[in-house]
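Enquirer: Pasting the sequence and the predicted coordinates here, then a few questions.
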Amino acid sequence: MRSAKVKALAMAGAVALAASLPGMASAQGAGLSESVAAVVNDDVISSYDVVQRMRLLMVSSGIQPTEENIPQLQAEALRTLVEERLEMQELRRAEKQQKMTIVSTEKEIDDEIEQVARSNGTTKEALLGQLASQGVSAETYRAQVRASSSWQNWVGMRYGSRARVGQDQVKAFERRYNEEQAKPQFELSEVFIDSARVGGQEIALNGARQLVAQLQQGAPFAAVARQFSASPTAANGGDAGWVGVGTLPKEVDAAVEQLRPGQLSAPIPVENGVYIVYLRNKRAGADAALVNLKQAAVILPADASAGQLDAARAKLEALRPQVTSCDNLDTVAGKVDGVMVSDLGESELKDLAATFQDAIKPLNVGQVSTPIRTAAGLHLVALCGKRAAGTVQPTTAQIEGRLRDEQLALISRRYLRDLRNSATIETR
């Protein structure tokens, strides 16, 4: 996650930024001409720092400076610097308290930059040289990497044990995922402007309008998302993947349904901010469902007596509550005389016998049907998996990783909010 935020730097195009930005003093060096832009718990942020961060925002997002968006860029640069100061102050405090190194070392920062450069087919020296050619000092970039990587490491170290993902959460995710496969789906990229972070809904809406204008002029969506989005997907360039109707706020669902693939939305106000979405692709709900099944059966002839049927049904009904998942079906059923267990594998739901289809359709993954009568006998069928044809269901490990990352992102935002609320911050 920490590397993704800065990957766009190596790919950014040239940005023509004047030496003196409108409304701000030129601060090319750290000298007496600098002014104080803000003070965070006695830690000074200079006008030079703000100008440098504005340049970095422009280079990394591909946004061109205009008279209209300079105030937004200045505000975003200052907000980011304030947050980083709060993070670094907290990290230094934790280092003293824990008597351990938490802030990334210079070697670790070098390694981070080299990794970003390699992933984009260049070298650390070339990357820093490109930034320098756009007026961004190496230390400005290193400061961003230092704060981002150190903070992510610390949050993971301190709160990682709290971000536990239980099997109930995994199963709930799987149920939602399987339900969504039957609905129309949209492959989206998103930017979310958090109104609480930027100072109100009107500011968020105006900022979103400025970003839409830049995106329409060619700014890369992924780069803009990494720098401006408050969503956890910002780390992946705003990539939300395939989502079903009902996954996002209703206002976003309504807007997305009106888009065609390749279209960018207008700003979409929601309760706590503003979304911008880019529809990459769309598909109808899956017509073909693939189900993975196991069964426990009692073999009976087609002309079995009512007494034989009742005895077999009683045996399976007694067995059914003991089957808590496909994993224990073999063990539980194997202990019952006259019950045969078999793995039916994966097949399309529509290819199954009508009696099997009717019994399986209402089941969630891990559930077991009531006894089903066929010419071969009486069957309990366990639904071990279900997915739309043409899709690959995420593994348990992938689901756990995604849910854990979401929990840590939420913890990080709350942690930073608490630091901000308890801090003394003066802007000038």
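Expert: That came in fine, so what should we check first? Owing to the predicted nature of the structure, the values given are computational and were not obtained by experimental measurement.
Enquirer: Buried residues, the longest helix along the chain. List them.
Expert: Longest helix of the chain, by residue count under DSSP state H: helix 70-98. By 16 or more other CB atoms under 10 Å, the buried positions in helix 70-98 come out as 70, 72-91, 94. No exception for glycine: its C-beta is placed from N, CA and C like everyone else's.
Enquirer: I'd like to know which helix or strand in the chain has the lowest mean pLDDT.
Expert: Every helix and strand of the chain was ranked by mean pLDDT, DSSP states H and E. The lowest is helix 167-181, at a mean of 79.
Enquirer: who are the neighbours of the longest helix of the chain, in terms of helices and strands?
Expert: With contacts defined as 3 or more CB pairs under 8 Å, 6 or more residues apart in numbering; DSSP states H and E, helix 70-98 has these neighbours: strand 36-40, strand 43-46, helix 47-61, helix 138-159, helix 195-198, helix 201-216, helix 396-422.
Enquirer: Can you say which of those is nearest to Q263?
Expert: Q263 sits nearest to helix 201-216 of all those, at 10.8 Å, using CB to CB.
Enquirer: Contacts only, for the residue nearest the centre of the chain.
Expert: Taking CA atoms, centre = their mean, the centroid of the chain lies closest to T233, which sits 3.8 Å from it. Residues near T233 by CB atoms under 8 Å, 6 or more residues apart in numbering: S189, E190, A225, D239, A240.
Enquirer: Look up phi and psi at the fourth one.
Expert: In terms of degrees, to the nearest 10, the main-chain angles of D239 are phi -70, psi 110.
Enquirer: Cross-check the contact I'm expecting between it and R226.
Expert: No: counting by CB atoms under 8 Å, D239 stays clear of R226, with 10.6 Å between them.
Enquirer: More neighbours: those two, which one.
Expert: R226 (24 against 18; other CB atoms under 10 Å).
Enquirer: roughly how far apart are the more buried one and T233?
Expert: 10 Å (CB to CB, to the nearest Å).
Enquirer: N153 now?
Expert: 21 Å.
Enquirer: what are the ranges of the strands in the stretch 301-428 of the chain?
Expert: Using DSSP state E, counting those that start in this stretch, the strands assigned to the stretch 301-428 of the chain run over residues 340-348, 372-374, 377-388, 425-427.
Enquirer: Can I get the longest one in CSV? Just the C-alpha atoms.
Expert: The C-alpha atoms that make up strand 377-388 are tabulated as CSV, following Å, rounded to 0.1, in the frame of the first residue of the first chain:
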residue,chain,number,x,y,z
GLY,A,377,-32.3,-42.8,-3.7
LEU,A,378,-32.6,-40.0,-1.1
HIS,A,379,-29.9,-37.2,-1.0
LEU,A,380,-28.6,-34.4,1.2
VAL,A,381,-26.7,-31.9,-0.9
ALA,A,382,-24.2,-29.5,0.6
LEU,A,383,-23.4,-26.2,-1.3
CYS,A,384,-19.6,-25.9,-1.1
GLY,A,385,-19.1,-23.0,-3.5
LYS,A,386,-21.0,-20.9,-6.0
ARG,A,387,-19.8,-18.4,-8.6
ALA,A,388,-20.8,-16.8,-11.8
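Enquirer: Which residues are in contact with the nearest residue to G345 once chain neighbours are set aside?
Expert: Using CB to CB, 6 or more residues apart in numbering and skipping the chain neighbours, the partner closest in space to G345 is N292 (6.8 Å). Counting by CB under 8 Å, 6+ apart, N292 makes contact with L344, G345, E346, L383, C384, G385, K386.
Enquirer: N292: which element?
Expert: strand 289-299 (DSSP states H and E).
Enquirer: any idea of the angle that strand forms with helix 167-181?
Expert: Between the axes of strand 289-299 and helix 167-181, defined by axes from the mean of the first three to the mean of the last three CA atoms, to 10 degrees, the angle is 120 degrees.
Enquirer: Give me the buried positions along strand 289-299.
Expert: Under 16+ other CB under 10 Å, the buried positions of strand 289-299 are A289, L290, V291, N292, L293, K294, Q295, A296, A297, V298.
Enquirer: how about CSV for the residues you listed, with distance to G307 and pLDDT added?
Expert: Formatted as CSV, these follow (distance: CB to CB, whole Å; pLDDT from 0 to 100):
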residue, distance to G307, pLDDT
A289, 37, 73
L290, 38, 81
V291, 33, 87
N292, 34, 89
L293, 29, 93
K294, 28, 92
Q295, 23, 92
A296, 21, 91
A297, 18, 92
V298, 13, 93
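Enquirer: that older thread, so which of the helices and strands packed on helix 70-98 is the most packed in?
Expert: Per residue and on average, the most neighbours among the helices and strands packed on helix 70-98 fall to helix 47-61, with a mean of 24 (mean count of other CB atoms under 10 Å).
Enquirer: counting contacts, what elements does that one pack onto?
Expert: Partner elements for helix 47-61 (3+ CB pairs under 8 Å, 6+ apart): strand 36-40, helix 70-98, helix 138-159, helix 221-228.
Enquirer: Dump that helix to PDB, restricted to CA.
Expert: Written as PDB, here are the backbone C-alpha positions of helix 47-61 (Å, rounded to 0.1, in the frame of the first residue of the first chain):
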ATOM      1  CA  SER A  47       5.800  28.800   2.400                       C
ATOM      2  CA  TYR A  48       8.700  27.000   0.700                       C
ATOM      3  CA  ASP A  49       7.400  23.700   2.000                       C
ATOM      4  CA  VAL A  50       3.900  24.400   0.600                       C
ATOM      5  CA  VAL A  51       5.300  25.500  -2.800                       C
ATOM      6  CA  GLN A  52       7.400  22.300  -3.000                       C
ATOM      7  CA  ARG A  53       4.400  20.100  -2.100                       C
ATOM      8  CA  MET A  54       2.200  21.800  -4.600                       C
ATOM      9  CA  ARG A  55       4.800  21.100  -7.300                       C
ATOM     10  CA  LEU A  56       5.000  17.400  -6.100                       C
ATOM     11  CA  LEU A  57       1.200  17.200  -6.300                       C
ATOM     12  CA  MET A  58       1.100  18.500  -9.800                       C
ATOM     13  CA  VAL A  59       3.900  16.300 -11.100                       C
ATOM     14  CA  SER A  60       2.600  13.100  -9.400                       C
ATOM     15  CA  SER A  61      -1.100  13.700 -10.500                       C
END
